Structures are given as structure tokens and as C-alpha cells.
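Visitor: build me a model:
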Amino acid sequence: MQWIAPAEKDTASTTLEKRLWDAADQFRANSGLKAQEYSAPVLGLIFLRFAEVRFAIQRAALEKAGGSSRRVSRVDDPSAYHAEGILYLPAEARFDYLLTLPESENIGARVNAAMRDIEKHNPQLAGVLPKTYNLFTSTLLKELLKKVSEIPATLDYDAFGRIYEYFLGEFAMSEGQGGGEFYTPSSIVRLLTEIIEPYHGRILDPACGSGGMFVQSARFVAEHKKNPAAELSIHGVEKTDETGRLCRLNLAVHGLEGEIRHGGNVNSYYDDPHSATGRFDFVLANPPFNVNAVDKERLKDSVGPGRRFPFGMPRTDNANYLWIQLFHSALNAKGRAGFVMANSAADARSSEQEIRRQIIESRTVDVVVAVGPNMFYTVTLPCTLWFFDKGKTTSPRADNVLFIDARHIFRQVDRAHREWTAAQTGFIANLVRLYRGEDLDFTLGAADARSKLEEIFSKKPGYADVPGLCRAATLKEIEAQGWSLNPGRYVGVAPGKAVSDEDFKVQLETLNEELEGLNAQARNLEQTIADNVAEILEA
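Guide: Predicted coordinates:
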């Protein structure tokens, strides 16, 4: 099925987010700073503006309460703010104070001091806030503070959050390959959350980057009229310390807190800081693809039923099936997972095929979605979204897996980037709900998603296989395909449609990716054999 949404008119150029970004990017271009030197400090100023807005509202309420009673005023008592989930800001750490400093002051030193003072009075932010404003000239900081001050004090959580996420996305694009390590495009994350439906419970992302999975889960809860801070218990792991701080800052901007373990050599392959096995209701992740050189000797005590790697250790030098097992083993008996995975994992052979067979036969693979190229900022290759549901093992769909081909559903953002619109995301999510027999939910996508669903599945929709779009395959059919989880093997092509040039290119790229992996394994094996022969001859 093909559904290419029209490009949006350039109304985005008038949005607050874009105006702020354009100005900030222009300042950077004139500063000589690299994107990675500039990103965290700018995000820190946006955070401070947001924190001051909430602080000022609470301070006004405390002043009013103090003026109408004989009790001692609590306007300068940090606990009076913390009790309401609001950060306490000392006088010289407030945005408006910094904004009024003259350029003759060393503004960089003042902002650094402000960030240290905020951490001192708000222990949950210890070590999180950026303190590299000394790299900026006072003139540049003054311009940035003025520009960020244009964010209206009337904005709510969500609007501030959108500005922060917009900047994260733009920084990810400007940093190229490195940006992909901390940011997953929001339309991908939105579909993951819509399909796993994290209404309430413990949620884990063992490769959490800047925290987009948590923020989108919170948004899902808020859109369904619940308080995310009360409904979700957030847990993350991030090996890069700087990115872990970005994540905690992102949570704070959205009024959230979580147990985020980062830096200090923490690594999800070897470390389990949340004692994750069997403890989580939801897992969301976009792990790094095709990582090699993982020290499997360090993992041997974590292999086997009831452990972190329950289906065995892959012999190939590729970590994809380590990640997949980590996600699976972290779920409780009713848990759901949604994650991004390299296309090659769906058809990988040898020991990886054996692990995939066991996972499929456990009847926990629920849905697999093929995603087209150019949906990510840093790689053009297509990928696949996998969904586990441990609760489906006793349901009527236990012996089926739903495959969806969404490669031809997108909106072209620019020449090199695509995304899903809200209507397209809502349509795909409700296709899954149809298959599961759940109530439809058009909170996302509204009338446009509903009309597309009715166009494909009729006015009173019920699930049916649609060539070129979706197919519910049985375990026997999957076994006949060598336990493949590649949607293209099952969904097929719509009647009257030929395989397009783009489809051929995607297939060729996928095969080439698999060939490169096999060639790398062959080279490693050749070296091992040569080393063994040399050792025997020397004996």
C-alpha cells in the first residue's frame, strides 16, 4: 500500500520553535563553536527558562499564602517548592536575573555559577546541568538569553517540551552520525508507544539516549487524561555520560523524574543496574545496530532460562541478538516491548536463526513493521520495528504474528528525510488494534486516520489480510520461511503492482548489509584458523 502524505506548507517557518532555532543556529555560525560544544548549553538555557516559569508561579502562590496568614513566609524555603515537584531557584540563578546582566559582566561565569547553585538546591539534578558557558562570549550569551526569553511564560509543559525536543532533533541532524546516538526521530518513537500502549507501570530503556522514549510514553499517558508522573516509573541506562545528562534534563523539562544510570563505564551488555529480568511492564529502545567486539566471556553467567540471555549466546560477532534477548528477558508475564532493529536481524542465519526460532516459538512476537529508508537522521537504510507481548501467549493470536509493510507510508520532509504524520501513525496503530481485537483509539490522527482505516477495512472495520500492507502469518508459515521475521516475505505486493525500483534498491541494500556481515565473519574465521594452524605447527 502506498500513502505519501503531501509536504506541509512552510507554515513551520513562523513557528516559535523554528524561529528560536534559526536564531540560535545563526549565533553558533558566528561563534566558531562546534555543534557538540553548543548543544548542551543552549538546551540548558531553555531548561532554565522553563524552570523559572514554574518557580515564579509557585513563588507567587507562596507570597499570597504568606500575606494572608500569621505563619512565617515560605517563599525562600526550597522544600515548599520541592513538595509541588518544582525546582527551587536561588535569586542569582534565575533566568530574569541573568537576562538583565550587562555585557561588561563575565556572563559565562555567572551562568556556570547559576547552574551549580541550582544543582546544590535540587539534588535530583546533581551533575546534570551544563557548565561550559565560559566557552561563550558575553555578547553571544546575551543574544541567546534574549532570544530564549521570547518563549512566553504562559506556555505549558508540553509546549516547552516540544521546543526542547525540536532543538534535540535539529542538533541531531547538525551533528550527523553522532546525533543518531542520542536521538530517535519522534514519529518512530510515537508509533512504538502507540502500539505498546504504556498506560501504567514500570518502563525500561537500556539504551536511552536523550530520553525520547520516556517523554513520548508520558505524552501518551497525558493524552489519555492521566498524570504521567503518577502512572509511569521510569528506568534507563546510557553508557555516554553527556547523553545521560541530556536525558535527565529532558525528563526535568517535561516534569518527570526517573532512575537513569549513565557514565562511569555502565554498559547494558555487562551491567544490570535495575535488576531488570522479569521486572518491567514495558521496554522501549533504539539500540545501536550490528555492534561487534562484545566480550561474551563476561556474559556467560547470564545465559540460560530465567536469565538476561535466556535463548543462548550468538556465535556471530554481532550484538543484535544480545539486545533482543535483553528486551525480552526484562518483561514480566504481561509485559510489552517495542524496539528498532536492523533489517538483517530478521533473516540472520546460523546461531542467530536458532535464537530467533526459540523467541518465535515462545509465542511472544506480536507485530513486526517494515520501515522505509530515510526515516532516521543519520542512516539512510531501512529498518524494522519489533514488538513483543508476553500476555498474548494465552490469547487467540498466540500462534500468529502480524506483519506490516509501512515502507510506502510516509511524508517527505526534505530531500533526505521522511517521517510519519499523526494520521499515518494513528492508522498503523489502529491496524494493530484491529488485529488484536482491541477498541480503536483515534486520539492520534483523528478523522484522517479513521477515514483511511475505513477506506481499507470498510466502515465497520474488522481485521483482514491486505496484500501489500499486512498479513497475520501462522507459526507454521514462519517456520516454512526459515523463521524469518522479514515482513516482505509475508505481506507480498498489492494486486496489479510490480516491485518498484525503490523496493529493489531496498532489497539490494539489505542483502548487501547481510553480505558485509557474513564477509566480516568469514575474515574472522579465516584468521582464527590461521592462528590455530600456526600454533599447531609451532608445537
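
Visitor: avg pLDDT for stretch 271-290?
Guide: Stretch 271-290 carries an average pLDDT of 96.

Visitor: start and end of that stretch, how far apart?
Guide: In stretch 271-290, first residue to last residue: 19 Å (C-alpha to C-alpha, to the nearest Å).

Visitor: in this structure Lys390 contacts Gly335, no?
Guide: Yes. In this structure Lys390 lies within contact range of Gly335 using C-beta atoms under 8 Å: 5.1 Å. C-betas here are computed from N, CA, C, even on glycine.

Visitor: neighbour count: those two, which is higher?
Guide: Shown here are Lys390 and Gly335; by other C-beta atoms under 10 Å, Gly335 has more neighbours (25 against 19).

Visitor: just say helix, strand or coil for that one.
Guide: Applying DSSP: H, G, I helix; E, B strand; the rest coil to Gly335 yields a three-state assignment of strand.

Visitor: and it, what's its pLDDT?
Guide: pLDDT, Gly335: 98.

Visitor: show me where pLDDT drops low in the protein?
Guide: Within the chain, the set of residues satisfying pLDDT under 70 comprises 8-14, 67-72, 156-158, 175-182, 377-379, 494-511, 513-514, 517.

Visitor: mind listing the strands for it?
Guide: Along the chain, counting by DSSP state E, strands occupy 3-5, 201-205, 232-238, 258-262, 280-285, 331-342, 365-371, 383-389, 400-405, 409-414, 417-419, 470-474.

Visitor: packing partners of the third one?
Guide: In other words, strand 232-238. Helices and strands touching strand 232-238, by 3 or more C-beta pairs under 8 Å, 6 or more residues apart in numbering; DSSP states H and E, are strand 201-205, helix 212-223, helix 241-253, strand 258-262.

Visitor: how about the first one: buried residues?
Guide: With burial defined by 16 or more other C-beta atoms under 10 Å, the residues of strand 201-205 counted as buried are 201-205.

Visitor: swap in stretch 422-440?
Guide: Using 16+ other C-beta under 10 Å as the test for burial, stretch 422-440 gives 422-436.

Visitor: what comes into contact with it?
Guide: Identification of contacts with stretch 422-440 by C-beta atoms under 8 Å, 6 or more residues apart in numbering yields 3, 5, 187, 190-191, 194-195, 367, 369, 396-397, 402, 404, 406, 409-411, 420, 441-446, 448-450, 452-453, 457, 461-463, 469-470, 472.

Visitor: returning to what we had before: Glu516 is nearest to which of the strands of the chain?
Guide: Among those, the nearest to Glu516 by C-beta to C-beta is strand 331-342 (11.5 Å).

Visitor: hmm, who's touching that closest one?
Guide: Residues outside strand 331-342 that contact it (C-beta under 8 Å, 6+ apart): 184, 188, 192-193, 195-198, 278-287, 289-290, 320, 323-324, 327-328, 330, 364, 366, 383-391, 513.

Visitor: could you check the angle strand 201-205 makes with it?
Guide: Computed by axes from the mean of the first three to the mean of the last three C-alpha atoms, to 10 degrees, the angle separating strand 331-342 from strand 201-205 equals 30 degrees.

Visitor: strand 331-342 pairs with which strands, and in what direction?
Guide: Strand pairing for strand 331-342, determined by DSSP bridges: strand 280-285 (parallel), strand 383-389 (antiparallel).

Visitor: what's the spacing between the first one and its chain's center?
Guide: In other words, strand 280-285. 12 Å (C-alpha atoms, centre = their mean, to the nearest Å).

Visitor: got the buried residues for it?
Guide: Across strand 280-285, burial judged by 16+ other C-beta under 10 Å covers 280-285.

Visitor: adding distance to His254, write the residues you listed out as TSV.
Guide: Formatted as TSV, these follow (distance: C-beta to C-beta, whole Å):
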residue	distance to His254
Phe280	20
Asp281	20
Phe282	17
Val283	20
Leu284	15
Ala285	19
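
Visitor: between these, which sits nearest Pro152?
Guide: Leu284 (31.6 Å).

Visitor: the closest one contacts Ala218, correct?
Guide: No. With contacts counted by C-beta under 8 Å, Leu284 stays clear of Ala218, the gap being 11.7 Å.

Visitor: run through who's touching stretch 146-162.
Guide: 16-17, 19-20, 23-24, 27, 45-46, 49-50, 53, 56, 95, 99, 163, 215, 219, 222, 253-255.

Visitor: can I get it in CSV, CA atoms only?
Guide: Taking Å, rounded to 0.1, in the frame of the first residue of the first chain, the C-alpha atoms of stretch 146-162 are listed here in CSV:
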residue,chain,number,x,y,z
LYS,A,146,17.3,37.5,24.9
LYS,A,147,16.2,35.0,22.2
VAL,A,148,15.2,32.3,24.8
SER,A,149,13.3,35.0,26.8
GLU,A,150,10.9,35.2,23.8
ILE,A,151,9.4,31.8,24.9
PRO,A,152,6.2,33.0,26.5
ALA,A,153,5.7,32.5,30.3
THR,A,154,2.2,31.2,29.5
LEU,A,155,3.4,28.1,27.8
ASP,A,156,2.6,24.7,29.4
TYR,A,157,4.8,21.7,30.0
ASP,A,158,4.0,20.2,26.6
ALA,A,159,4.9,23.4,24.7
PHE,A,160,8.2,23.8,26.5
GLY,A,161,8.9,20.1,25.9
ARG,A,162,8.2,20.5,22.2
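
Visitor: stretch 292-312: which residues count as buried?
Guide: Buried-residue list, stretch 292-312, by 16+ other C-beta under 10 Å: 294, 296, 299, 302, 308-311.

Visitor: endpoint to endpoint, that stretch covers what distance?
Guide: Per C-alpha to C-alpha, stretch 292-312 runs 17 Å from first to last residue.

Visitor: and that stretch, how far from the chain's centre?
Guide: Its chain's C-alpha centre and that of stretch 292-312 lie 25 Å apart, by C-alpha atoms, centre = their mean.

Visitor: mind listing residues that contact it?
Guide: The contact list for stretch 292-312, computed with C-beta under 8 Å, 6+ apart, reads 269-270, 272, 276-278, 313, 317-319, 321-322, 325-326, 328-329, 351, 354-355, 358-359, 520.
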